[in-house]
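Colleague: Mind looking at a prediction? Sequence and model below.
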Amino acid sequence: MRVVILYNRYAGLIRGEDADAAAAMAVMDEVEGVRAACLRSGWDVVSMAAPQDAGEFVRELRAAAPDVVFNLVEEMCGNPRYEAAAAWLLELSGVPYTGSPPQALSLANDKPLTQAALRGLGLAVPDNRVLVSGNENLDGLKFPCIVKPAHEDASHGINAESVVHDVCAARTRAAYVIGTYRQPALVEEFLPGREFNVSVLGCGGEAFMLYPAEIDYSRFPSGRAPLVTYDGKWKEDSIDFLATPSEKAGNMDAGLFERIETLALASFRRFELRDYGRIDMRLDAHGNPFILEVNPNPDISPSAGLARAAGWSGITYDELIAKIVLWAVERGKAARTA
């Protein structure tokens with residue numbers, strides 16, 4: 001079986017800070033991890049940088065002659081909002097591919113729309129407002145709040161100044177987000193409780209939750225709101241990175257575990273995520289879990305949180321990658337016989 005690993009060629013930044021390039025280039029860690037795992041499964045493996053032109057994309061994909069594509073494309077033309085474009089081209093090509101379909105990728109990239117959809121489904125999300133110009137009404141929001149770009153992932157635009165304590169500070173931070181990232185700002189109530197990263201594998205009714213991870217803020221600098229910043233994800237020599245490890249969740253009673261599982265599976269299924277995803281949650285002051293973000297196709301490198309969660313649940317990295325590949329192959333077979 002030939003597996004083509006499709007990833008995004010770094011095309012430079014079209015917005016944001018210079019440091020934002022680190023997250024865009026980290027996809028190569030995923031490529032190498034997936035490639036090694038597929039080789040250990042005995043498969044023929046080809047790594048392919050996704051062309052930016054649609055016609056060239058289709059021609060090169062056909063020339064590679066994949067039986068299945070492992071889709072690691074996170075952006076096109078330097079824009080994460082075009083992540084779904086690669087999935088649409090794969091859909092049109094008829095080649096089986098891993099991960100979530102384009103509709104799910106587009107929805108999850110739009111944080112305000114995601115929050116509205118979750119709320120409409122009756123799933124708990126923090127109260128929020130969207131600022132397009134920066135002058136929209138913020139009445140009714142309870143501070144502190146976090147201000148973040150509406151259409152970014154990987155914690156772009158999130159730092160210590162992102163948590164604000166009044167309307168004036170919220171507007172100031174929103175102006176930075178709107179100007180630097182060229183998109184609306186999402187102003188969201190900042191919940192004070194524990195934070196969990198919840199990985200899910202599978203599809204539809206067969207989806208299942210891996211053991212949750214929790215962000216350990218016990219070593220976080222005093223006086224700062226506990227928050228995983230961009231530096232905390234990507235700058236390994238930073239205080240934020242060292243003080244926000246993701247660890248196997250402990251001290252979780254059966255009731256909390258069940259509520260987290262219910263929210264994770266409901267959002268994964270209703271958003272029609274496939275194969276692997278991560279749902280980020282935080283507890284309010286009363287210990288109730290709220291969904292912060294829905295993440296299709298999260299980082300799947302060997303050192304990433306999803307791979308560690310799989311290990312806690314008794315699934316090795318090679319088994320994780322093999323499951324994802326074979327699920328995609330089976331979908332392809334089912335589509336051909338439908």
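Modeller: That came in fine, so what should we check first?

Colleague: going forward, measure contacts and count neighbours with C-alpha atoms only.
Modeller: Will do.

Colleague: shaky segments in the stretch 151-300 of the chain?
Modeller: Within the stretch 151-300 of the chain, no range satisfies pLDDT under 70.

Colleague: mind listing the strands for it?
Modeller: Using DSSP state E, counting those that start in this stretch, the strands of the stretch 151-300 of the chain run over residues 163-164, 185-189, 195-203, 208-209, 213-215, 246-248, 274-283, 289-296.

Colleague: so which of those strands gets nearest Pro101?
Modeller: strand 274-283 (7.4 Å; CA to CA).

Colleague: Please name the strands paired to that closest one in the sheet, noting orientation.
Modeller: strand 195-203 (antiparallel), strand 289-296 (antiparallel) (DSSP bridges).

Colleague: any idea of the angle the shortest one forms with strand 185-189?
Modeller: So that's strand 289-296. Interaxial angle of strand 289-296 relative to strand 185-189 (axes from the mean of the first three to the mean of the last three CA atoms, to 10 degrees): 150 degrees.

Colleague: Name the residues of the following helix or strand past strand 289-296 that come out as buried.
Modeller: For strand 289-296, the following helix or strand on the C-terminal side (DSSP states H and E) is helix 305-312. Of all the residues in helix 305-312, those buried under the rule 16 or more other CA atoms under 10 Å are Gly305, Leu306, Ala307, Arg308, Ala309, Ala310, Gly311.

Colleague: Likewise for stretch 211-220?
Modeller: For stretch 211-220, by 16+ other CA under 10 Å, it's Tyr211, Pro212, Ala213, Glu214, Ile215, Asp216, Tyr217, Phe220.

Colleague: What of stretch 62-78?
Modeller: 66-78.

Colleague: so of these, which ones are in strands?
Modeller: Those of the buried residues of stretch 62-78 mapping onto strands are Val68, Val69, Phe70, Asn71, Leu72, per DSSP state E.

Colleague: Next up, the contacts around the fourth one.
Modeller: Right, Asn71. Residues near Asn71 by CA atoms under 8 Å, 6 or more residues apart in numbering: Ile5, Leu6, Tyr7, Ala87, Tyr97, Thr98, Gly99.

Colleague: give me every residue that touches Arg59.
Modeller: Contacts of Arg59 (CA under 8 Å, 6+ apart): none.

Colleague: what's the answer for Ala285, then?
Modeller: Leu191, Pro192, Gly193.
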